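# Please work out how this folds:
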Amino acid sequence: MPRIKLEPLGITINVSAKNGLWRSLKHAKVELVATCQGQGTCGTCALRVFEGASCLSPMQTLEQVTLKNTRRDLSLYRLTCQASVLEDGVVFYLDNKADKKLVQIFERLKNRIAPRNIYHPITNDLLVQEGNLITQEILERLLSDS
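Below is the predicted model:
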């Protein structure tokens, strides 16, 4: 499963190439607005790619048109609803208000004691036992698809 890095969170998460980037980010609680519901026409789910653009699926015509219409540089941005991550090495920059809230939550949890057992929402694996420290690694596993 490919891994991506999200800045300014500084975390790396697993994403599903099969489900697409937008769904993987949604699972990771990165709430990107997509007023077109992932149809690739609104441009609201666009993220800036800092590194690893070649590790993403090729850009199709619809995505190119939408990015041009929203005045985004095609060499710097991708629509998360249209792109899939094919291999490791992609770094995205989160720059919307919802992600600022996620940064605050992440910082509030990191290096704190777990008030109860925390399980992975998909695999149901125990990530941290009540009374143990919530580490960066645990938060990354919690936000990943696997």
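
# now what about the host helix or strand of residue 22, what contacts it?
Applying DSSP states H and E as the criterion places residue 22 in helix 21-27. Applying Cβ atoms under 8 Å, 6 or more residues apart in numbering, the contact partners of helix 21-27 are 4, 13-16, 32, 34, 38, 45, 56, 78, 80-81, 83-85, 121-122, 143, 145. For glycine as for every other residue, the C-beta is placed from the backbone atoms N, C-alpha and C.

# now with 10 Å?
For helix 21-27, contacts defined as Cβ atoms under 10 Å, 6 or more residues apart in numbering pick out 1-2, 4, 6, 13-20, 30-32, 34, 37-38, 40, 45, 47, 56-57, 78-85, 90, 92, 94, 99, 121-122, 143-145.

# Inside strands: which ones of these?
4, 6, 13, 14, 47, 78, 79, 90, 92 (DSSP state E).

# Taking these, tell me the two that lie furthest apart.
Farthest apart among the ones in strands among the contacts of helix 21-27 by Cβ to Cβ are 14 and 79. That separation is 20.6 Å.

# Who has more neighbours out of the two?
residue 79 (30 against 19; other Cβ atoms under 10 Å).

# Wait, the more buried one touches residue 68, no?
No: contact between residue 79 and residue 68 fails when scored by Cβ atoms under 10 Å: they sit 11.7 Å apart.

# shared neighbours of these two, anything?
Joint contacts of residue 79 and residue 68 (Cβ under 10 Å, 6+ apart) are residue 43.

# hey, C-alpha coordinates of stretch 137-144 in CSV?
Extracted as CSV, the C-alpha positions of stretch 137-144 are listed here (Å, rounded to 0.1, in the frame of the first residue of the first chain):
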residue,chain,number,x,y,z
GLU,A,137,3.7,6.4,15.1
ILE,A,138,0.3,5.5,16.7
LEU,A,139,-1.4,8.6,15.2
GLU,A,140,0.0,7.7,11.7
ARG,A,141,-1.3,4.2,12.0
LEU,A,142,-4.7,5.5,13.2
LEU,A,143,-5.0,7.7,10.1
SER,A,144,-3.8,5.1,7.6
